[in-house]
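1. This is a predicted model, with the sequence first.
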Amino acid sequence: MKIETKNIGSYDSKFVVCYSGGHSSAICAINAVLRHGKENVILLNHDISSKVEDVDIKRFKEKVADYLGVDITYANHKDFESMTPIEVCKSIGGFKFGSSPILCTYNLKTKPFYEWIKANDPEHLHTYLYGFDNTPDERVRMNRRIAAMGEIGCKTDYPLITWGKLKVTDTMKQLGIEKPQRYSHYKHANCDGCLKAGWQHWYVTFCNRPDLWEAGKAAEEELKHSIHKDYYLEEKEELFINMRDQGIPDSEHIPSGKFWATVRRLPENSLGLMSTWMDIDDMENEDVLVCGNGCTG
Ligand code: SF4
């Protein structure tokens, strides 16, 4: 399919796609260009250290932007390459304080985003487009975003939820652009070792990114706080070794309930000395609380 790039005139107010590097935000961007013309669309991204943002995500976001003929506009933390989410939290002295948002999201994404709006859209003329999927969880997230952006006077739109049938829904089938490989294990294009994610994500991280698992343990030790609510990573390492050795798949694509039910089918004495069925319940409950999607905005 060839994207129509006819000049439909340049407006003062633009359509700013919160362009995370994930497949849904790419679908949002492509359909925004089809509807509004590339001259009226801004692809706004927060670049994240290649230590945690897969190089294949970077390949994907650049490939889609090239296809559309729209340069990516970056709103980054000034030291984003060295400041991984863990380094950000270490520099501040905690993962979060009380009911504050998690500190990596705020410093790597939210703060640069609001600074960009202040510098580039001071009168709030633009509309901010989010690639949230049309699912119950994402519709809840949409309502939260409408309220948060409304508070600062910005309009938002959600093409995958509110525009009805979209012309492009699959980058590979329709444009020949392969989805990031990351989707083979993970559901989202978030950071590897996401500090907001639950235990299922961290099991996938344990199996695939032992360097980030070790970095997480070291940060918990240094900060004397745990990333998760109930347990330190160190406390669950033996469990994860045993799960891996007994063939529990390292995938976020298995729904949380089914994933943990598979773990419960293992003999309790094979979980390791430090873990019981009750721990598994705690870990599953924390998965349910996850805001698992990208945190642009
Ligand atoms: S994706 Fe996760 S680790 Fe990365 S900035 Fe957001 S909350 Fe932090």
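-> Here it is on my side, so go on.
2. Show me the shaky parts of this structure.
-> 1-11, 288-297 (pLDDT under 70).
3. how does it divide into domains?
-> Taking automatic domain parsing as the domain assignment, the ranges for the chain are 15-183, 199-288.
4. so where do the strands sit in the stretch 1-150 of the chain?
-> 15-18, 41-45, 72-74, 127-129 (DSSP state E, counting those that start in this stretch).
5. for the ligand, what are the nearby residues on the stretch 101-250 of the chain?
-> I102, C104, T105, L108, K109, N190, C191, C194, L195, K196 (CB under 6 Å from any ligand atom). Quick note: C-beta positions are derived from backbone N, CA and C, even for glycine.
6. quick one, what contacts the residue lying closest to H77 once chain neighbours are set aside?
-> Leaving aside its sequence neighbours, H77 sits nearest to L108 (CB to CB, 6 or more residues apart in numbering; 5.0 Å). Neighbouring residues of L108 by CB atoms under 8 Å, 6 or more residues apart in numbering: H46, I48, H77, F80, M83, P85, V88.
7. Filter these down to the ones in helices?
-> P85, V88 (DSSP state H).
8. Need the contacts of L108 in a markdown table (columns: distance to the ligand).
-> Converted to a markdown table, the contacts of L108 look like this (distance: CB to the nearest ligand atom, whole Å):
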| residue | distance to the ligand |
| --- | --- |
| H46 | 8 |
| I48 | 6 |
| H77 | 10 |
| F80 | 10 |
| M83 | 10 |
| P85 | 4 |
| V88 | 8 |
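9. looking at the contacts of L108, which has the most residues close by?
-> P85 (30 neighbours; other CB atoms under 10 Å).
10. wait, doesn't that one sit right on C191?
-> Yes: P85 lies in contact with C191 (CB atoms under 8 Å); the separation is 5.6 Å.
11. Next, show the common contact partners of the two.
-> Joint contacts of P85 and C191 (CB under 8 Å, 6+ apart) are V52, C104.
12. A helix includes D281, no?
-> Yes: residue state for D281 (DSSP: H, G, I helix; E, B strand; the rest coil) corresponds to a helix.
13. Tell me the spacing between it and G153.
-> Taking CB to CB, to the nearest Å as the measure, D281 falls 43 Å from G153.
14. So which of these two has more stuff around it?
-> More neighbours surround D281 than the other of D281 and G153, with 13 against 10 (other CB under 10 Å).
15. What separation do you get for that one and W260?
-> Distance from D281 to W260, counting by CB to CB: 8 Å.
16. what about the longest helix along the chain, distance to the chain center?
-> For the chain, the longest helix by residue count, based on DSSP H, is helix 136-151. Relative to its chain's centre, helix 136-151 lies at 16 Å (CA atoms, centre = their mean, to the nearest Å).
17. what do you get for stretch 273-284?
-> Centroid displacement of stretch 273-284 relative to its chain, using CA atoms, centre = their mean, is 26 Å.
18. Surely S275 touches K236?
-> Yes: here S275 reaches K236: they are 6.9 Å apart, a contact under CB under 8 Å.
19. so who does E286 touch?
-> G198, W199, H228, K229, D230.
20. That one and N31, how far apart?
-> 34 Å.
21. out of the residues of the stretch 101-250 of the chain next to the ligand, who's nearest G176?
-> Proximity of these to G176 (CB to CB) peaks at N190, which lies at 25.4 Å.
22. tally of neighbours for the closest one?
-> For N190, using other CB under 10 Å, the count is 27.
23. Quick check: which element contains it?
-> Assigned by DSSP states H and E, N190 falls within no helix or strand.
24. and for D281 and W260, which residues touch both?
-> With CB under 8 Å, 6+ apart, D281 and W260 have no common neighbours.
25. Pull the contacting residues for E238.
-> G272, L273, M274, S275.
26. What helix or strand is it located in?
-> Per DSSP H and E: helix 233-245 holds E238.
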